[in-house]
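**Student:** Below is the structure, and that's it, no one-letter string:
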């Protein structure tokens, strides 16, 4: 059974940094592409960032480019989302996903975590 468990959410102020973590179990981490999505209140879930297994190719949404990065930690079966220069528009529930990152950097999620809330105040 594939499980994804997120951690690290919380309340911060504009300009602060926060790191989210997601641990994968039930599937081989080193051959699994990983990503993050978010869903703001009243909005649809949107893609944020993803990283492939192996070569570590990344895909990043334009809204977070230059502020958010993703990194894999194979020793812990964990993927980390580093969020810098946070803005109120980043307020959302952040979901970790396991899936596939295509050669043209389109991420297709197959499994989801339950999400962790990030609130950014002015």
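**Tutor:** On my side now, so go ahead. Computed from a predicted structure; not experimentally measured. Numbering: from 1, shown residues only.

**Student:** Per-residue pLDDT of the residue most central in space within the chain, please?
**Tutor:** When CA atoms, centre = their mean is applied to the chain, the residue found nearest the centroid is residue 36 (2.5 Å). The predicted local distance difference test score for residue 36 is 98.

**Student:** Please shift the residue numbers so they start at 56 in all later answers.
**Tutor:** Got it, the first residue is 56 from now on, which makes the last one we talked about residue 91.

**Student:** Secondary structure element holding it?
**Tutor:** Taking DSSP states H and E as the criterion, residue 91 maps to strand 88-94.

**Student:** in that strand, what counts as buried?
**Tutor:** Buried residues in strand 88-94, counted by 16 or more other CB atoms under 10 Å: 88-93. Using the backbone N, CA and C atoms, a C-beta is placed for each residue, glycine as well.

**Student:** Save those as TSV, and put in distance to residue 76 too.
**Tutor:** Shown next, in TSV, are the buried residues of strand 88-94 (distance: CB to CB, whole Å):
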residue	distance to residue 76
88	17
89	11
90	14
91	11
92	15
93	15
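
**Student:** For those residues, work out which two are farthest apart.
**Tutor:** Farthest pair in the buried residues of strand 88-94 (CB to CB) is 88 and 93. Separation: 17.8 Å.

**Student:** Check which residues of stretch 110-120 are buried.
**Tutor:** Those would be 114-115, 119, for stretch 110-120 by 16+ other CB under 10 Å.
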